[in-house]
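I need the structure of the sequence given here:
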Amino acid sequence: MAAVSEALLAWYDHNRRRLVWRAAPGETPDPYRVWLSEIMLQQTTTGAAGPYYIRFLERFPTVDALAAADLDEVLRLWAGLGYYARARNLHRCAKLVVERHASRFPETEEALLALPGIGAYTAAAIAAIAFDQPATVVDGNVERVVSRLFALPTPLPQAKPELRRLATTLTPTTRPGDFAQAMMDLGATLCSPTNPACGLCPLRPGCRAHAEGAADRYPARSEKPPKPTRHGTVFWLQRGDGMVLLRRRPERGLLGGMMEVPGTDWTDTPPSPAAVQAAAPMPATWRRLDGVVTHTFTHFHLELTVLTASVRLADARLGTWVAPDDLAAQALPTLFRKVIRLALKSAGRRG
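Numbers count the residues shown, from 1 in each chain. Model (predicted):
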């Protein structure tokens, strides 16, 4: 398999992508930057992650700076990037690297796996890219390249163990970090999901899928079941002084630790009037706003109805009261920013 790595590295030397977190040729990668980018790239595209990476690096230029930060500030900077457990684990991991590893990231996959938020892929990516360890890095791009190289008929996700085994046979002992990035670049540019540019691919001579004239058929995929739709109601409560009620979600679970507009549980059917009444933060004359807030998570769609009320006085202990002008600075996920936009738009119409 040496021919594969040699051909791919030669191609990479002339065609590598310029990414804000990637070290320039001849530059030693910074493990902190590699780790930060790899955490952000979990479940996120390079285009979406880039601006967040730049903002994080400006605010937290070192792992020590991130470890010393308040979690709320980390969550605020992360808001909109999704999968918020990553942000909480990012903060926890930074603290452990500072406290247990003297602010230096461990170099081995085994030691990296012991840190919060670092799984098999991320550990391999950090070990290979930051420390040039011969670790096999397998993401979706690499799976696609390998499945085509070997024309593996097993569909995803069942094929994942075999794809990892085959990828391991390709990983070189020299320049493994560059090889890992080259595989990802090849998948992201030439070996694309549809209409792959086989004529430009450095691995074309040994690619079985190309030899079959069927690169588009790989990787095969099992049919995904349709996503269910869940429903809920949220409560936009405003005090006489204009302050709006927010609450913090539990640390564990979806959107854990983020701020929210309070509401009902999310259920398979719209909540009953009794459930809505029980979940309301306080008795008030609640009015339904026109429109529905929709959002899609990994495993389900969500539809939220928004009820609004104004009260002269309200218990400060109900949650966190925030001025409308200060809402943008809160650690609010995209879902609840949609709720806020609907509520403010409705208030504007009422004049």
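
For residue 112, which non-adjacent residue is spatially closest?
Among residues not flanking residue 112 along the chain, residue 123 sits closest, at 4.0 Å (CB to CB, 6 or more residues apart in numbering). C-betas here are computed from N, CA, C, even on glycine.

Helix, strand or coil: sort out residue 308 for me.
Using DSSP: H, G, I helix; E, B strand; the rest coil, the structure places residue 308 in strand.

Run a quick check on it versus residue 244, I expect a contact.
No - using CB atoms under 8 Å, residue 308 is not in contact with residue 244; the gap is 10.0 Å.

Spit out the residues that contact these two alike.
Each of 236, 237, 238 lies in contact with both residue 308 and residue 244 under the rule CB atoms under 8 Å, 6 or more residues apart in numbering.

In terms of helix, strand or coil, where does the last one fall?
Same thing as residue 238. Of the three states, residue 238 takes strand under three-state DSSP.

wait, isn't it in contact with residue 310?
Yes - the pair residue 238 and residue 310 qualifies as a contact (CB under 8 Å) at a distance of 5.0 Å.

The two: which has the busier surroundings?
Applying other CB atoms under 10 Å to residue 238 and residue 310 shows that residue 238 carries more neighbours, namely 19 against 15.

Looking at strand pairing, list the partners for that one.
Beta-bridge partners recorded for residue 238 (DSSP bridges): residue 244, residue 310.

measure it to residue 261 for me?
According to CB to CB, to the nearest Å, residue 238 and residue 261 sit 11 Å apart.

ok but residue 235 is inside a strand, no?
Yes - the assignment for residue 235 is a strand, going by three-state DSSP.

That one: neighbouring residues, count only.
Under the neighbour criterion other CB under 10 Å, residue 235 is assigned a count of 22.

from memory it sits against residue 283, does it?
No - using CB under 8 Å, residue 235 is not in contact with residue 283; the gap is 11.5 Å.

State the number of residues packed around residue 249.
If we define neighbours as other CB under 10 Å, then residue 249 has 18 of them.

Looks like it contacts residue 258 (just checking).
Yes - using CB under 8 Å, residue 249 is in contact with residue 258, at 5.4 Å.

Number of residues surrounding residue 289?
19.

OK, contacts around it?
Counting by CB under 8 Å, 6+ apart, the residues that residue 289 touches are 236, 306, 307, 308, 342, 343, 346.

just curious, which of these is nearest to residue 199?
residue 342 (49.0 Å; CB to CB).

could you say which helix or strand contains the closest one?
helix 334-350 (DSSP states H and E).

Next: residue 302.
Residue 302 is part of strand 301-311, with elements assigned from DSSP H and E.

Any buried residues in stretch 274-293, and which?
If you call a residue buried by 16 or more other CB atoms under 10 Å, then stretch 274-293 has these buried ones: 276, 279, 280, 281, 284, 286, 289, 293.

Provide a complete list of residue ranges assigned to helices in the chain.
Counting by DSSP state H, the segments of the chain that form helices are 2-15, 31-41, 46-59, 63-68, 71-78, 85-101, 109-113, 120-131, 140-149, 160-170, 176-189, 208-212, 273-279, 334-350.

right, so of the ones you listed, which gets closest to residue 196?
Among the helices of the chain, the nearest to residue 196 by CB to CB is helix 140-149 (7.6 Å).

And the contacts of that closest one?
Around helix 140-149, the neighbours that count as contacts under CB under 8 Å, 6+ apart are 4, 138, 152, 156, 159-160, 163, 166-167, 170, 183-184, 186-188, 191, 193, 196, 203, 206-210, 215, 218-220.

how does it look with 7 Å?
Helix 140-149 has contacts (CB atoms under 7 Å, 6 or more residues apart in numbering) with 156, 159, 163, 166-167, 183-184, 186-188, 191, 193, 203, 206-209, 215, 218-219.

Next: stretch 14-25.
Stretch 14-25 has contacts (CB under 7 Å, 6+ apart) with 29, 33, 37, 46, 50, 53, 54, 185.

How many residues are close by residue 236?
For residue 236, the neighbour count with other CB under 10 Å is 24.

scratch that, residue 52
Residue 52 has 18 neighbours, counted by other CB under 10 Å.

and the gap between it and residue 234?
Residue 52 is 26 Å from residue 234, by CB to CB.

Would you point out the most distant pair within the buried residues of stretch 274-293?
Once CB to CB is applied, these give 284 and 293 as the farthest pair, at 20.0 Å.

what comes up buried for the helix holding residue 342?
Of the residues in helix 334-350, those buried by neighbour count under the rule 16+ other CB under 10 Å are 335, 336, 337, 338, 339, 340, 342, 343, 346.

want to throw those into CSV with distance to residue 107?
What follows is the buried residues of helix 334-350, written out as CSV (distance: CB to CB, whole Å):
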residue, distance to residue 107
335, 38
336, 40
337, 39
338, 42
339, 44
340, 44
342, 49
343, 50
346, 54
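
Return the item of these having minimum pLDDT.
Ranked by pLDDT, those bottom out at residue 346, which has 83.

quick one, what contacts it?
289, 290.

Next, format the contacts of residue 289 as CSV and append distance to residue 92.
Formatted as CSV, the contacts of residue 289 follow (distance: CB to CB, whole Å):
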residue, distance to residue 92
236, 33
306, 34
307, 36
308, 37
342, 34
343, 33
346, 39
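
which one among those residues gets closest to residue 175?
Using CB to CB, residue 342 comes nearest to residue 175 of those, at 51.6 Å.

measure the closest one to residue 10 for me?
54 Å.

Isn't the residue nearest to residue 112 up against residue 114?
No - the pair residue 123 and residue 114 fails to qualify as a contact (CB atoms under 7 Å) at a distance of 9.2 Å.
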